[in-house]
Each structure stands twice: as C-alpha cells, then as structure tokens.
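>>> give me a 3D structure for the following:
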Amino acid sequence: KNKNMENNIENTLIAGGLLGLIIMPFLAITRLSKRKKISLAMTARMASLAHQSNCQLSQSEQFGAKAVGLDENARTILFLDTNKNKDLVIDLAEITACKLLKKMDVDAVGSIELQLVNGNGTLLYTVPFYRRFIDDETCLPRIIKAAEKWRGLIRSLVSNQRELGVSKSFWGLTPQTSFS
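Numbers count the residues shown, from 1 in each chain. Below you'll find the predicted structure:
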C-alpha cells in the first residue's frame, strides 16, 4: 500500500513536470508576441504623432506603457502615455529648466516625473515616467535611467537654446498641460 502511494506521487510529479515543459514555451512565446505587438503599436503611434506635429525624431524610447521622442532641430519633445491614452507635444522654446522629481510613498517610489519650467519659475508641463500601482514596478531601474537620460537631453537643448537666443512660439498646447 505504501509503495503504491509512492508510485502515485512519483507519477504525478513526472506528469506535472512534463506538462510544465510542454506549456511553458507556449506561454513564453505568447507573452513575447504580445509585448512585440504593443511595441509596434506604440512605434506607429509615435510616428503618427511626429508626422502630425511636423517633427523628425532624432531619438525615441519606450518604457512600459509610455514613450518619449525628441526632434532636436525643432526642439520638440513628444510624449505618449497609453495608460491615460494621451499624447503631449512640448515646444522647448519657453522651457528654461527641467527637473527630475522622485516622490516617495512611505517605503517605495510613488512617482517619477520630469517637470518643465519657464523663465519665471512657473511649472508648464509635468511628464510622468512612473506612477506606482499603474506602471510596472519591475521596470523601475530602467525607468529611472530613462528619466535621467531625458532630463539631461532636455537640459542640454534648453541651455543651448539660451546661449543661442532661440525663440519660438508655442503651438497646439497651452502651458500647464499635465498628465498628473
């Protein structure tokens, strides 16, 4: 009787292991396929927004449900947030500073955002890179690096703009546009 029970347990473990070996590759392939479809859709949406805004993207990046792009010549930032189904086109002509704000919730990062400020110190735009409970926490280290990278790019363009005295007017959006 005891031997019979051991054989049943062994058979169950072997069957479970084989079933796992068969199912796991299908789950992995399905998940990768879904991510690729989302990535392609975001790339198409970013290209469409760039076209509508008369921008030629010199750089772009996707992270989670968000994407950001830059047209260095037009000094324009494009931002997509598929969680909120919103797009943002930011003309950097009025921007004089870019701050990276990392808000903490008790024991974890609550949000990471770029704040774009004009010469009077007025906050014109808030660009969220991460929001707890909405965005994938496992991507947080990558998102932090991305936010730091984009802060550096924007600061570089803004400081070059001040040195060159570049001035353009806003189009399409009013100041104080935010995703928050």
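
>>> quick one: secondary structure of L18?
Of the three states, L18 takes helix under DSSP: H, G, I helix; E, B strand; the rest coil.

>>> report pLDDT for it.
At L18, the pLDDT value in this model is 79.

>>> again, but for L40
79.

>>> and the next element down the chain from the helix or strand where P25 lies?
Taking DSSP states H and E as the definition, P25 sits inside helix 2-52. Reading on from helix 2-52 to the C-terminus, the next helix or strand found by DSSP H and E is strand 59-63.

>>> ok, residues contacting that next one?
By C-beta atoms under 8 Å, 6 or more residues apart in numbering, the surrounding residues in contact with strand 59-63 are 39, 42-43, 46, 67-70, 72, 78, 129, 139, 142-143, 146, 149-150, 153. (Each C-beta comes from the backbone N, C-alpha and C, glycine too.)

>>> what is the least confident helix or strand in this protein?
Lowest on mean pLDDT, DSSP states H and E among the helices and strands of the chain sits strand 177-178, with a mean of 42.

>>> may I ask which helix or strand encompasses the nearest residue to L153 once chain neighbours are set aside?
Leaving out its chain neighbours, the residue that sits closest to L153 by C-beta to C-beta, 6 or more residues apart in numbering is L70, at 6.2 Å. Assigning secondary structure by DSSP H and E places L70 in strand 66-71.

>>> between that strand and helix 2-52, how many degrees?
Computed by axes from the mean of the first three to the mean of the last three C-alpha atoms, to 10 degrees, the angle separating strand 66-71 from helix 2-52 equals 30 degrees.

>>> show me where the protein dips below the pLDDT cut-off.
Residue ranges of the chain with pLDDT under 70: 1-5, 31-32, 34-35, 161-180.

>>> now do 80
For the chain, applying pLDDT under 80 flags the ranges 1-8, 18-21, 24-41, 64, 83-85, 160-180.
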